[in-house]
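Colleague: coords please:
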Amino acid sequence: MYTSLHLAYLLFLLTQLYALVVHFPHPSSGSVFTRQLQLLKGLTTSAVLLSWYPIATVSASTSAWASASARSRGSHAYALAATAPAYVCLLGGVALFVWTAYHSGPRNFSIIYGRVTPHFVVQSGPFARIRHPTYVSYVLGWLGALYVCGTLPAVRGEGVQFWLPTGLRVVLLSGCIAGLCRCYADGAKLEEAQFLEGENNVDGETVGVTVKSEYRRYVTRVKSRWIPGVV
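Modeller: Reported below is the predicted structural model:
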């Protein structure tokens, strides 16, 4: 039986698929870091495979996860509260991505590591608070998936069996997420260098003086890359 947790996780995966296939196309000029792009895709696929089974096997009306938590703590209210971080991260990631996609517009930017020449600066919506909201939305979703995999109790004797021990699964998924964060950080640095330094642009093209100046003012005004007012 499907639960709202399944829906939240599926929506998160769909945003990733939409971003890859539709919103951020592969530019005809190619990628700056081809190997890193393949690594990112491999880490994403691995994270999906590691998190899919535990979340997919959450079942029952409020899920075996909530029921087991309630039994262990003797409180249904605790069980509901225990699931809240997963929903906040998964749905928060989806909401942030949708907000970002609305303001950036489809196919206006390339996939991460694309060899492109920036032509305009987006400063509205989430971009008015942080410089790289797309990557933040991805990290939020993966943290939600990690939370589920790390806190989902083993419901022994009820037919819930995982093909990997929970501890090992969490370690592997954490490693994938850490690798993805590094990839996102490298992508953010590349994109800013393309704006400010004119590095790794399309051959024969240069960033306009107006665009470069506008982005420099934007960076001065919006200092945070990831978390407003923090970093």
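Colleague: Start and end of stretch 105-117, how far apart?
Modeller: 17 Å (C-alpha to C-alpha, to the nearest Å).
Colleague: Can you list the buried residues in it?
Modeller: Buried residues in stretch 105-117, counted by 16 or more other C-beta atoms under 10 Å: 109-117. All C-beta spots, glycine's among them, are computed from the backbone N, C-alpha and C.
Colleague: Dead centre of this structure: give me the residue that sits there.
Modeller: Centroid check for the chain by C-alpha atoms, centre = their mean gives Tyr138 as the closest residue, at 0.7 Å.
Colleague: average model confidence for stretch 55-67?
Modeller: Across stretch 55-67, the average pLDDT comes to 59.
Colleague: next one: stretch 180-188
Modeller: 98.
Colleague: Going by neighbour count, list what's buried in the strand or helix carrying Leu37.
Modeller: Per DSSP states H and E, Leu37 falls inside helix 34-56. Neighbour-count burial for helix 34-56 flags 36-37, 40, 43-44, 46-47, 50-51, 54-55 (criterion: 16+ other C-beta under 10 Å).
Colleague: Tell me which stretches of this structure form helices.
Modeller: Ranges of helices in the chain, per DSSP state H, are 4-18, 34-56, 63-73, 76-104, 133-151, 166-196, 209-221.
Colleague: can you put these in a markdown table and add distance to Gly125?
Modeller: Shown next, in a markdown table, are the helices of the chain (distance: least, C-beta to C-beta, whole Å):
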| stretch | distance to Gly125 |
| --- | --- |
| helix 4-18 | 16 |
| helix 34-56 | 24 |
| helix 63-73 | 33 |
| helix 76-104 | 3 |
| helix 133-151 | 8 |
| helix 166-196 | 17 |
| helix 209-221 | 13 |
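Colleague: so Gly144 sits right up against Ala8, yeah?
Modeller: Yes. Proximity of Gly144 to Ala8 meets the contact threshold set by C-beta atoms under 8 Å, at 7.5 Å.
Colleague: Can you work out which residues contact both of those two?
Modeller: Both Gly144 and Ala8 are in contact with 86-87, 90, where contact means C-beta atoms under 8 Å, 6 or more residues apart in numbering.
Colleague: So, low pLDDT: which residues of this structure?
Modeller: 1, 58-82, 152-162 (pLDDT under 70).
Colleague: quick one on the thing from earlier: out of the buried residues of stretch 105-117, which comes closest to Leu173?
Modeller: Comparing these against Leu173 with C-beta to C-beta picks out Ile112 as the nearest, at 20.5 Å.
Colleague: related to what we said a few turns ago, show me what the helix holding Leu37 packs onto, helices and strands only.
Modeller: Under the contact criterion of 3 or more C-beta pairs under 8 Å, 6 or more residues apart in numbering; DSSP states H and E, helix 34-56 touches helix 4-18, helix 133-151, helix 166-196.
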